[in-house]
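Participant: Dropping the sequence and predicted coords here.
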Amino acid sequence: MARLVHIGDLHLGRQLHGVQLLGDQRIALDGLIALLEARRCDALLIAGDVYDRAIPPAEAVAVLDDFLCKVAGELDIPVVMIAGNHDSAERLGFGSRLLGEGKLSITGRLDPELTPVLIEDEHGPIEIFPIPFLEPSRVRQLANDESVVDQQSAMHEMVRRARGRRSSERSVIMAHAFVQG
């Protein structure tokens, strides 16, 4: 069975009542690295809100860079990361076409083709369908469907599309979404 670790809402660079949390966030990420290594995980899924704001402080970018280098580089664990509503899809997705060829896959903006990221474990391939935070108007245009008017209908459309694209017995949809109820 695949060992996938799913995290989200890191909000790197966040301040709380004027106190910078980056030191604590670095400690938490170091703990996550220890867990990933100890459990010999097959992949790490980071489901959005990586940063606390669209233009993160340089220190937050450096913390993420160090973390990803350790996980995808040193530990050789594939990382699939998507943008959340606090991230700038364009900024977070920088280099994603090139990075997708290796151990790090980043999806900033919605891929109209909904191309899955493939990872493997001892039982074969697993398709990860990365769905970043959705803008209903973009999904409405993509689907050419005027009934896509909110987050729920946009997510329903993308899940329908992912199901139609499945080619593996094992697949995962990873999304950053507004969930209610």
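Facilitator: Arrived safely. Numbering: from 1, shown residues only.
Participant: alpha carbons only for contacts and neighbour counts from here, please
Facilitator: OK.
Participant: got the buried residues for whichever strand or helix holds Val61?
Facilitator: If you go by DSSP states H and E, Val61 is part of helix 58-68. Judged by neighbour count (16 or more other Cα atoms under 10 Å), helix 58-68 contains these buried residues: Ala60, Val61, Val63, Leu64, Phe67, Leu68.
Participant: wait, what's in contact with the last one?
Facilitator: Neighbour list for Leu68: Val79 [criterion: Cα atoms under 8 Å, 6 or more residues apart in numbering].
Participant: report the longest strand in the chain, please.
Facilitator: Longest strand in the chain by number of residues (criterion: DSSP state E): strand 124-131.
Participant: The lengthiest helix in the chain: what's the following helix or strand?
Facilitator: Longest among the helix segments of the chain by residue count, using DSSP state H, is helix 22-39. Using DSSP H and E, the helix or strand that follows helix 22-39 in sequence is strand 43-47.
Participant: any idea of the mean pLDDT in that next one?
Facilitator: For strand 43-47, the mean pLDDT works out to 94.
Participant: Name the strands paired with it and say parallel or antiparallel.
Facilitator: Paired strands of strand 43-47, with direction, are strand 4-7 (parallel), strand 79-82 (parallel) (DSSP bridges).
Participant: I'd like the distance from the following helix or strand past the first one to the chain centre, please.
Facilitator: Read that as strand 4-7. Per DSSP H and E, the first helix or strand lying C-terminal to strand 4-7 is strand 15-16. Computed by Cα atoms, centre = their mean, to the nearest Å, the chain-centroid distance of strand 15-16 equals 23 Å.
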